[in-house]
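# quick check, what structure comes out for this input:
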Amino acid sequence: MSDRTAPPNIVLLMADQLTPFALPFHGHPQVRTPALSQLAAEGMVFDAAYCNFPICAPSRASLLAGRLPHAIGVFDNASEFPAEIPTMAHYLRAAGYRTILAGKMHFVGPDQLHGYEERLTTDIYPADFLWVPDWSKGPEYRPTGVGMGHVVDAGPCVRNMQIDYDEETAHVAVQKIYDLARERTAPFFLTVSFTHPHPPFVARQHEWDQYAHADIDAPRVPAIPYADLDPHSQWLYVAHGQDRHAVTPEHVRNARRAYYAMVSYVDAKIGEVLAALDATGLADDSVIVFCADHGEMLGERGMWYKQTFYEPSVRVPLVIRAPGIAPGRRSQVCSLVDLLPTFLDVAAQGPTPVAPVDPLAGHSLWPLLHGDARDWPDEALAEYSSEGVMAPSRMVRRGPWKYVFTRGLPPRLFHLVDDPLELHDRAGQPDVADIERDLHERALSAWDPDTVDARIRASQRRRLFLREVALRTGAFPPWNYEARRGDAQRFVRPASATGAVGAKPRLRFPYVTPTPPDQPAE
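Presented below is the predicted three-dimensional model:
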């Protein structure tokens, strides 16, 4: 990697909603991931990596931009990702890379490339303002319709929408690798982003049968009664309709079994991509990065999905394998915004180093990969303001401490070494007052909660107006990317998402009638 005429290729592999606690190289005794486990054994595993927003679109925008979501005006899953924001794809193009995207990236807005020269697939989710939150209606307003039906209807299938999508993503990515190997014209940045193991909790029979039902582990922290939940978790309890379905221990076991099976499925797809890189010899000249956009609560504390700063939701797996880097593990705190400065360091090994045009929120992981942690800040920041809540939040993880601030709510403080399950809130205790004060100041640095709240609510009002105009006139903006004819209407789109049965349950085969709520919403 010392030849400055040929910087290494960069391959970014992403899973969707994959908590590190469901991976064997992070300690899970049951889940099978041979491809990722081999990558982890050959690369550097980061044991304290975080996303910067525990929901899909803002997390991905933040990762690509190397900046925190609120700083670039991305507040939720229906926020437009501004085209004027440079991304890692733009920077790497400036450094002489070819930039290619296969799979999900959940761009909202008319720019569906954001610096990628080629996009090989459409997106699985809509590019318009369909899913705008409305905080004026309280947490029970769920524009995506996500509820506990995904848990109570968990089980095996022959095929579903997400399998359709990831089969296509893997196929086009592998073909592109062979094309790149034939051409050998420039270093490339290839992003391959899968939608598994995102709910619904439905898996192919092949992977489902890899797990014995009786062996599926229960959540480490059992369900916490609603009255004992912190207020932010109470919001999510209502938002996810947990008062509308009776979730039994058997439902929990089925959902966790399906999730583990989905993890094994996406591992197999990633294995196909890695095998193509090995077969072509491109792996020897490539920095390979694996991560997820956020985690999954998976029944811990009785909670599901993401949208919270508890560890299963906000922690992510992060593995980097690079030529000349010895395998190992790093305990330092880091986050996904650290990837862009890392990639700039990789590209700087070529003849055209590029400097960012805006200050970045992260730091290059390159020194850590070489064992140099002397100046590492050991810190990660995350934000949340999408559906299911009623106020903006910020999290600071520094060393062993995690501090959570939500506008209008009491803060929370945890020591993750002494209390890894986050059961003992230390906020307000005199013996940690100095630590709490320092973390509070960090949480509010360049982030005024009243100003952020006003910006978010104003953005919601504008986008809700535009969405209602589109609904009344019968046409959403034609922003969905079309890699081939008909792609713009495939997968989750306004026409299907507003129907009696959404695309996800409708495309499950054999079809399973969705279980209706046990109780009407109050």
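
# now the helices: where do they sit in the stretch 401-522 of the chain?
433-443, 449-473, 494-497, 503-506 (DSSP state H, counting those that start in this stretch).

# any idea of the mean pLDDT in the third one?
This means helix 494-497. The predicted model assigns helix 494-497 a mean pLDDT of 58.

# kindly report the same for the last one.
Helix 503-506 shows a mean pLDDT of 86.

# off-centre distance for that helix?
Computed by C-alpha atoms, centre = their mean, to the nearest Å, the chain-centroid distance of helix 503-506 equals 21 Å.

# for it, buried residues please.
By 16 or more other C-beta atoms under 10 Å, the buried positions in helix 503-506 come out as 503-505. (C-beta placed from N, C-alpha, C; glycine too.)

# pick the one among the residues you listed closest to residue 13.
Distances from residue 13 to these, taken as C-beta to C-beta, are shortest for residue 504 (23.5 Å).

# and residue 255, how far is that from residue 380?
From residue 255 over to residue 380 the distance is 28 Å, taken as C-beta to C-beta, to the nearest Å.

# scratch that, residue 475 is what I was asking about
Distance from residue 475 to residue 380, counting by C-beta to C-beta: 41 Å.

# the more surrounded of these two?
A count of neighbours by other C-beta atoms under 10 Å puts residue 380 above the other of residue 475 and residue 380, at 26 against 10.

# assumed that one was part of a strand.
Yes: checked against DSSP: H, G, I helix; E, B strand; the rest coil, residue 380 lies within a strand.

# got a list of what it touches?
48-50, 52, 333-335, 395-398 (C-beta atoms under 8 Å, 6 or more residues apart in numbering).

# now the residues you listed in TSV, with pLDDT, secondary structure and neighbour count?
Output for the contacts of residue 380, formatted as TSV (pLDDT from 0 to 100; DSSP: H, G, I helix; E, B strand; the rest coil; neighbours: other C-beta atoms under 10 Å):
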residue	pLDDT	secondary structure	neighbour count
48	98	strand	20
49	98	strand	24
50	98	strand	28
52	98	coil	32
333	98	strand	24
334	98	strand	25
335	98	strand	27
395	98	strand	25
396	98	strand	24
397	98	strand	26
398	98	strand	17
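
# check which helix or strand residue 45 maps to.
Element membership for residue 45 (DSSP states H and E) is strand 44-50.

# quick one: list the elements packing against that strand.
strand 318-321, strand 328-335, strand 379-384 (3 or more C-beta pairs under 8 Å, 6 or more residues apart in numbering; DSSP states H and E).

# render the CA-only coordinates of the shortest one in CSV, please.
As requested, C-alpha coordinates have been extracted for strand 318-321 and formatted as CSV (Å, rounded to 0.1, in the frame of the first residue of the first chain):
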residue,chain,number,x,y,z
LEU,A,318,-17.7,-2.6,12.5
VAL,A,319,-14.9,-4.6,11.0
ILE,A,320,-12.1,-3.4,8.8
ARG,A,321,-9.7,-5.6,6.8
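
# model confidence over that strand, on average?
98.

# give the pairing partners of that strand; include direction for each.
Taking DSSP bridges as the criterion, strand 318-321 forms sheet pairs with strand 44-50 (antiparallel), strand 286-292 (antiparallel).

# give me the contacts around that strand.
Outside strand 318-321, the residues within contact range by C-beta under 8 Å, 6+ apart are 36, 39-40, 42-46, 49, 287-291, 327, 334, 336, 342, 365, 369.

# do a quick rundown of the strands in the stretch 301-450 of the chain.
Under the criterion DSSP state E, counting those that start in this stretch, the stretch 301-450 of the chain contains strands at 318-321, 328-335, 379-384, 393-398, 401-406, 412-415.

# residue 81: which of those strands is closest?
strand 379-384 (15.0 Å).

# pull out the buried residues from that closest one.
379-384.

# possible to save those as CSV with pLDDT and distance to residue 246?
Below are the buried residues of strand 379-384 laid out as CSV (pLDDT from 0 to 100; distance: C-beta to C-beta, whole Å):
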residue, pLDDT, distance to residue 246
379, 97, 42
380, 98, 37
381, 98, 38
382, 98, 32
383, 98, 34
384, 98, 28
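
# save these as TSV, and put in distance to residue 19 too.
Shown next, in TSV, are the buried residues of strand 379-384 (distance: C-beta to C-beta, whole Å):
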residue	distance to residue 19
379	21
380	16
381	20
382	15
383	19
384	16
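
# buried residues in stretch 237-254?
Within stretch 237-254, the residues scored as buried using 16+ other C-beta under 10 Å are 237-245, 247, 251-254.

# to clarify, my last question referred to stretch 115-125.
By neighbour count with 16+ other C-beta under 10 Å, stretch 115-125 contains the buried residues 115-116, 119-125.

# figure out how far the longest helix anywhere in the chain is from the centre of its chain.
Secondary structure of the chain per DSSP state H: the longest helix is helix 249-280. How far helix 249-280 lies from its chain's middle: 16 Å, per C-alpha atoms, centre = their mean.
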